[in-house]
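Colleague: Fold the following for me, if possible:
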Amino acid sequence: MVTQEQRRRQLAREKFLRQQQRRTAARRKANVRNSVIASVLGVIVVGSVLSYATGVFKNDDSKSNASAEVTPSATPSKAADPCEKAAEGAVKSLSWKKEPAMTIDKSAKYEMTLATTCGDIGIALKTSAAPHTVNSFNFLASEGYFDHTKCHRLTTNGIYVLQCGDPKGTGMGGPGYTIPDENLKDKTLKNNIYPAGTIAMANTGQAHTGGSQFFLVYQDSQLPPSYTPFGTVSASGMKVLKKIAAAGEATGQGDGAPNATVVINKATVTKS
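Modeller: Take a look at the predicted model:
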């Protein structure tokens, strides 16, 4: 017998795939003006139960708090912002025509630090498993590409991620080049679950369309293994992510801008 939770997850996955296909088509049209569109995670989830008897939409299965039931109102109240004021500075308008040359040592260990308004998020990068991705982030960070950019998306229903890396803050920005998918058979990806603490590349749903956008998983999330996992968030970084997630997102429907003002003041990649 299919349980309500299993049905909810099935609906979320189906909705996710449909949305991803529509977003891919939209990005192809946008390519007329921009030769390469940056990645975007098509994570739109249902996370709710339809009452077939009354037709009333209720969000009875919200997992932003696993122990509480939440029914969003038409005009959800905004949670208090737990983060600090952003550092002074402006987002740089940068673009390149091709992927940067390989400059990292593939056999070495690298770490990335996202100094955000909500706290520092440390990430151990999977250099040997995802060298193109790590090399790209090393390059972009050195150019100040991520500095002063907002994390524009938080999902709190069905799939639990914070999405960042778009200087435009719209989900449509990117560095002008794409990188290949890597490490899709990572041993941590079991049963199509991206475990909490994973950092992975967003993309358009097509192969090798990763750019600069990435997502940080703060709670186990079921996704097809199509998004390059290229690092693991530190324990202290997970506390920051949990704080951001606890503040919720702006729409009250489980997918929107985070209520927390999450700005990457500075991104750095260092060889350890």
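Colleague: CA only for contacts and neighbour counts going forward, please
Modeller: OK.
Colleague: now the strands for the stretch 101-250 of the chain?
Modeller: 110-116, 119-125, 149-150, 153-155, 160-164, 193-194, 198-201, 214-219, 221-222, 229-233 (DSSP state E, counting those that start in this stretch).
Colleague: Now tabulate the ones you listed in TSV and tack on distance to residue 207.
Modeller: Converted to TSV, these look like this (distance: least, CA to CA, whole Å):
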stretch	distance to residue 207
strand 110-116	25
strand 119-125	21
strand 149-150	26
strand 153-155	22
strand 160-164	19
strand 193-194	18
strand 198-201	12
strand 214-219	15
strand 221-222	19
strand 229-233	14
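Colleague: Tell me which of those strands lies nearest to residue 83.
Modeller: Set against residue 83 and scored by CA to CA, the strands of the stretch 101-250 of the chain come closest in strand 119-125, at 7.9 Å.
Colleague: Paired strands for that closest one, with orientation please.
Modeller: Its sheet considered, strand 119-125 pairs with strand 110-116 (antiparallel), strand 229-233 (antiparallel) by DSSP bridges.
Colleague: out of the strands of the stretch 101-250 of the chain, nearest to residue 253?
Modeller: strand 153-155 (8.9 Å).
Colleague: Report the mean per-residue pLDDT for that closest one.
Modeller: Taken as a whole, strand 153-155 carries a mean pLDDT of 98.
Colleague: And for that strand, what's in contact with it?
Modeller: Applying CA atoms under 8 Å, 6 or more residues apart in numbering, the external contacts of strand 153-155 come out as 43-44, 160-164, 245, 248-249, 254-258.
Colleague: can you rerun that using 7 Å?
Modeller: 161-163, 249, 254-258 (CA atoms under 7 Å, 6 or more residues apart in numbering).
Colleague: Just the closest of those residues to residue 212, please.
Modeller: Proximity of the contacts of strand 153-155 to residue 212 (CA to CA) peaks at residue 163, which lies at 10.7 Å.
Colleague: Now the closest one. Nearest residue, chain neighbours left out?
Modeller: Nearest residue to residue 163 in three dimensions, chain neighbours excluded: residue 215, at 4.2 Å (CA to CA, 6 or more residues apart in numbering).
Colleague: The one you found against residue 197, yeah?
Modeller: No. Counting by CA atoms under 7 Å, residue 215 stays clear of residue 197, with 10.2 Å between them.
Colleague: Would you mind measuring the gap between the ends of stretch 100-107?
Modeller: 18 Å (CA to CA, to the nearest Å).
Colleague: Residues touching it, excluding its own?
Modeller: With CA under 7 Å, 6+ apart as the criterion, stretch 100-107 contacts 127-128, 131, 135-136.
Colleague: if we go to 10 Å?
Modeller: Here stretch 100-107 makes contact (CA atoms under 10 Å, 6 or more residues apart in numbering) with 110, 126-132, 134-140, 177, 179, 271.
Colleague: all helices of the stretch 51-200 of the chain, in order?
Modeller: Under the criterion DSSP state H, counting those that start in this stretch, helices of the stretch 51-200 of the chain are mapped to 131-142.
Colleague: Show me the shaky parts of it.
Modeller: 51-79 (pLDDT under 70).
Colleague: residues in contact with the residue nearest the centre of the chain?
Modeller: Taking CA atoms, centre = their mean, the centroid of the chain lies closest to residue 215, which sits 2.2 Å from it. Counting by CA under 10 Å, 6+ apart, residue 215 touches 40-41, 151, 153-154, 160-165, 198-202, 227, 229.
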